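Trainee: Quick one: sequence plus predicted model below, questions after.
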Amino acid sequence: MAAKINAGVLLIKEGVSLPGSLQLESETFSRGWRLVKNLSGSELDRRLFDAGWNLFYMAEELHAFALGSDSEKTARRAAEKVVAIMKSGQLNCVEITQVAAKRFLGLPYVSVSAHPRHIQESKFLFHLKRVAEWDRANLAAASAHA
């Protein structure tokens, strides 16, 4: 059975590097993403810190909503939209911060808010080498569209 989407749920990209000492229970969430079942954001942050790794918190808040009367399925669809709108392809984690069932003109919908996170071993967000690779890819994409 799929885990319920609620505040505190973590979604992690498939294949993300993690310390060997970290025991992570997860299930498939959507294409390329897994839902963490056994840890909250603060617990994951503490365990990564203990292993010498980092869980960065991005200030930008993402929002998405989905229409539907089944609040669990609708929340899952809204969370899938959040994952789809993450701006940086380099970010590998997202933490759901709010899930709210609402109505507008009698139509039920679920609103989901989340903060992008990023797991990595270095204390510096995106090593200079990775930033340079990312910049080259962005320049190549921009020149292809020009």
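Mentor: That came in fine, so what should we check first?
Trainee: where's the residue lying closest to residue 64 once chain neighbours are set aside relative to residue 53, distance?
Mentor: Nearest non-adjacent residue to residue 64, counting by Cβ to Cβ, 6 or more residues apart in numbering: residue 81, 3.6 Å away. For every residue, glycine as well, the C-beta is placed using N, CA and C. Distance, residue 81 to residue 53, using Cβ to Cβ, to the nearest Å: 29 Å.
Trainee: Of the two, which one has the most company?
Mentor: Legend: neighbour count by other Cβ atoms under 10 Å for residue 81 and residue 53, higher for residue 53 (20 against 14).
Trainee: before we move on, the earlier item: list the contacts of the residue nearest to residue 64.
Mentor: By Cβ atoms under 8 Å, 6 or more residues apart in numbering, the contact set of residue 81 is 64-66, 112.
Trainee: try 10 Å
Mentor: Listed by Cβ atoms under 10 Å, 6 or more residues apart in numbering, the contact partners of residue 81 are 62-66, 112.
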